[in-house]
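1. Here is my input, please return the structure:
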Amino acid sequence: MRARISRRAQVCVAFLLPVGLVKMAPMWMGTGYVAPFEPGTTSAALVYSKPATPWTERQLAAAEHIRAILDESFERTPMANGTTTTDVVEAPIDEAQPLDVELSLILATETGVTALIGGLPYAVGDSIDGWRIEKIDVDKRVVTFRNEKHGDVSVARLPSSTDQP
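-> Numbering: from 1, shown residues only. The predicted model follows:
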């Protein structure tokens, strides 16, 4: 128990001693700071009363610039000067139109596969109303389409013999 308390005390001292030295050093060296919001000071966080080394003209100009910025109000931005507001109009969403085709026949020959759609023959790679024929599957009796603009996929199936009257 005693070793544990002693270890905790060592850790606290090891942490607090350097922090205290750093915080108190400006005051001991005569370069302490004037707390903000005292009469004659600005709203800057710390205004040194006597710097350790004299400031250059560039540093003084930078400090004055920072004070000027801190004293400005943040209500308006430079972009708001002389501009007017505009209403945002949402653009219509260009969605893929659903594919409505009548697949009547799939024909496999020596030269390739053809699908009869709406009474016209089509092969793989042909397009109908923005939909490209990607695959004609004879075994599954389906034609797969891909929308050329949006990439959507649609499938048309041959009606089975039980579907027809």
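2. Would you map out the domains in the chain?
-> 1-28, 31-74, 103-157 (automatic domain parsing).
3. Could you export the ones you listed as JSON lines, including distance to Gln97 and mean neighbour count?
-> The C-beta positions use only the backbone N, C-alpha and C, and glycine is treated the same way. Shown next, in JSON lines, are these (distance: least, CB to CB, whole Å; neighbours: other CB atoms under 10 Å):
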{"stretch": "domain 1-28", "distance to Gln97": "69", "mean neighbour count": "10"}
{"stretch": "domain 31-74", "distance to Gln97": "49", "mean neighbour count": "10"}
{"stretch": "domain 103-157", "distance to Gln97": "7", "mean neighbour count": "14"}
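4. By mean pLDDT, show me the worst of the ones you listed.
-> Among these, domain 31-74 carries the lowest mean pLDDT, at a mean of 67.
5. ok, now which ones touch Tyr122?
-> 114-116, 128, 133 (CB atoms under 8 Å, 6 or more residues apart in numbering).
6. Among the residues you listed, list the two that are farthest apart in space.
-> Pairwise distances across these (CB to CB) peak at 13.7 Å, for the pair Thr114 and Ile128.
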